[in-house]
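Q: Can you look at this prediction? I've put the sequence above it.
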Amino acid sequence: MVGSKGSWPYPFESKIDRAILLKTMPYYDAAHVLKGSKATIVAELGLIDQSCPSSNVYAALNQAKGKKIILTVPYRGHHMDQPAYKEIWDTTINKTKEAFLEDYLK
């Protein structure tokens with residue numbers, strides 16, 4: 001609403017009446033989806049992700065009250081489609097997520 005690119009499902013790029021969008025957006029705002037959550041959250045943020053821009057994900061994470069483990073990946077888009085970085089990602093980011101899950105599920 002302030003001119004930045006929204007995230008999926010890109011409501012402002014649709015042909016829906018803008019007044020209806022503005023009325024219903026507070027119920028579906030991704031920035032508030034985690035509001036008050038006390039869960040431990042492991043989030044991987046791709047800084048070149050255009051489907052879920054990191055600014056939107058950070059906005060959502062800022063609403064959570066629980067522990068946050070944020071893994072920022074400068075070279076990652078929405079999918080891991082850069083083969084040159086796959087090994088780096090696997091030995092750093094993915095191993096960190098797997099270690100968290102393994103410990104959590106004990």
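A: Structure received. Residues are numbered from 1 along each chain as shown.

Q: From Val57, how far off is Thr72?
A: Thr72 sits at a distance of 10 Å from Val57 (criterion: C-beta to C-beta, to the nearest Å). Quick note: C-beta positions are derived from backbone N, CA and C, even for glycine.

Q: Just want to know which of the two has more residues nearby.
A: Taking other C-beta atoms under 10 Å, Thr72 and Val57 do not tie; Val57 has more neighbours (21 against 14).

Q: In this structure that one contacts Leu45, no?
A: Yes - between Val57 and Leu45 there is a contact under C-beta atoms under 8 Å: 5.2 Å.

Q: List the buried residues of stretch 56-70.
A: Across stretch 56-70, burial judged by 16 or more other C-beta atoms under 10 Å covers 56-57, 59-61, 64.

Q: quick revisit: quick one: common contacting residues for Thr72 and Val57?
A: Common contact partners of Thr72 and Val57 (C-beta atoms under 8 Å, 6 or more residues apart in numbering): Leu45.

Q: which stretches of the protein have low pLDDT?
A: Across the chain, the ranges flagged by pLDDT under 70 are 1-10, 26-31.

Q: let's see it at 90
A: In the predicted model of the chain, residues 1-36, 48-57, 59-60, 74-89, 91-92, 106 satisfy pLDDT under 90.
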